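Visitor: Provided below for reference: sequence and predicted model.
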Amino acid sequence: MAVTFKVTDGEHGGWAVLQVSGEMDLVTSPVLRQRVHDAVADGRRSLVLDLSGVVFCDSSGVGVLIATRRLIRSCRGRLRLILPVEGADGGTDRTGRGQGAHVNRVLGALGVRRLFDVHPDVESAVDSAPDDDEEAGPLSA
């Protein structure tokens, strides 16, 4: 069964929200990279990537997330990721776990999850104040 990759544009409380679903891999990751670049080119500096619908993420997907972090930081913008622990919609990934939890596990296993401002849902991402780390720029990537 093929999983369709989709990136949907939205806005919530002054934040650009890109809702991503499907598999982030070598073939699909450039689509997300381009959508992020388009948002930044349109002047968007506060960006939420909702990854709760992503069922698979390989190293190229992780690379896009790290490149997105670098790009947003270079523009003095804000980036927040939606990475639910077990998936908000009750759907499951290839392992039977919640959708969206896969990316959380991959970033944690690689030791790069700490580079991102992670939230369980869009509402908490756009409602919370920027972290001190976000403003000060904790780690260079």
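Guide: Sure thing, it's come through. Numbers count the residues shown, from 1 in each chain.
Visitor: could I get the buried residue list for the strand or helix carrying residue 104?
Guide: Per DSSP states H and E, residue 104 falls inside helix 101-110. Residues of helix 101-110 classed as buried by neighbour count (16 or more other Cβ atoms under 10 Å): 101-107. Heads up, the C-betas are built off the backbone N, CA and C, glycines and all.
Visitor: secondary structure element holding the residue nearest to residue 110 when sequence neighbours are not counted?
Guide: Sequence neighbours aside, residue 62 is the residue nearest to residue 110 in space, at 6.4 Å (criterion: Cβ to Cβ, 6 or more residues apart in numbering). Using DSSP H and E, residue 62 maps to helix 59-74.
Visitor: show me what the helix or strand just after that helix is packed up against.
Guide: Sequence order places strand 78-82 as the next helix or strand after helix 59-74, per DSSP H and E. Applying 3 or more Cβ pairs under 8 Å, 6 or more residues apart in numbering; DSSP states H and E, one finds that strand 78-82 contacts strand 46-57, helix 59-74, strand 117-119, helix 122-127.
Visitor: figure out which of those is closest to residue 40.
Guide: Closest to residue 40 of the helices and strands packed on strand 78-82, according to Cβ to Cβ: helix 59-74, at 6.1 Å.
Visitor: quick one: work out the angle between that closest one and strand 78-82.
Guide: 150 degrees (axes from the mean of the first three to the mean of the last three Cα atoms, to 10 degrees).
Visitor: output the below-cut-off pLDDT ranges for the chain.
Guide: For the chain, applying pLDDT under 70 flags the ranges 1-2, 86-100, 128-141.
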